[in-house]
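Chemist: return atomic coordinates for the entry below.
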Amino acid sequence: MVSKRLKELLDIDVIVCRDYDDLQFSVENASFPATLAISNINLPGAENGEALSYLIDMSVPTIVFTGTFQESTRETILAKDIVDYVIKDSVFAVDMLAESVCRFLTNHKHHVLIVDDSPTARF
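Modeler: Residues are numbered from 1 along each chain as shown. Below you'll find the model as predicted:
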């Protein structure tokens with residue numbers, strides 16, 4: 001459903017990985033680096049968050065898309081270098097995910113010039 005929606009909205013190619021082995025194979029054998037990953041916290045073969053750690057270690061920008069919501073888990077994941085954390089908790093979750101993907105893919109096209117004489121204001 002996610003890959004179909006992203007193709008429909010953003011016309012992007014999506015590679016689907018059903019388990020940790022698929023993920024490793026896709027990353028290590030890709031002809032070009034992945035622009036973005038969308039990953040659940042728990043996957044077959046990586047039930048304890050190893051997929052997310054692997055993606056971060058491989059420097060693949062990642063959006064976590066999960067049904068797991070525990071405040072401590074969320075805080076731990078947000079402390080890592082991830083793009084976003086989207087919870088599968090409503091019929092709008094896929095649209096929220098698509099918005100996050102769109103923001104990520106377009107943000108690099110925007111540049112901001114800050115002009116202010118106050119060092120505090122510039123940071």
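Chemist: give the buried residues for stretch 39-58.
Modeler: With burial defined by 16 or more other Cβ atoms under 10 Å, the residues of stretch 39-58 counted as buried are 39, 41-43, 46, 49-52, 54-56. The way it works is simple: take the backbone N, C-alpha and C, and place the C-beta from them, glycine included.
Chemist: so what touches stretch 74-84?
Modeler: Under the contact criterion Cβ atoms under 8 Å, 6 or more residues apart in numbering, stretch 74-84 has outside partners 36, 41, 52, 56, 61-64, 85, 100, 103-104.
Chemist: buried ones from those residues, can you make that a PyMOL selection?
Modeler: Command for PyMOL, covering only those of the contacts of stretch 74-84 found buried under the criterion 16+ other Cβ under 10 Å:
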select buried, resi 36+41+52+56+61+62+63+64+85+100+104
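Chemist: now for the buried residues of stretch 39-58, which pair is the farthest apart?
Modeler: For the buried residues of stretch 39-58, with distances taken as Cβ to Cβ, the pair at the greatest spread is 42 and 56 (15.6 Å).
Chemist: per-residue pLDDT, residue 122?
Modeler: What the model reports for residue 122 is a pLDDT of 61.
Chemist: tell me where this structure has strands.
Modeler: In the chain, the segments counted as strands under DSSP state E are 37-39, 62-66, 84-87.
Chemist: got those strands as a markdown table, with mean pLDDT and distance to residue 73 columns?
Modeler: Converted to a markdown table, the strands of the chain look like this (pLDDT from 0 to 100; distance: least, Cβ to Cβ, whole Å):
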| stretch | mean pLDDT | distance to residue 73 |
| --- | --- | --- |
| strand 37-39 | 95 | 14 |
| strand 62-66 | 93 | 9 |
| strand 84-87 | 92 | 10 |
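Chemist: so can I have TSV of those strands showing distance to residue 4?
Modeler: Supplementary listing: the strands of the chain in TSV, determined by distance: least, Cβ to Cβ, whole Å:
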stretch	distance to residue 4
strand 37-39	13
strand 62-66	15
strand 84-87	17
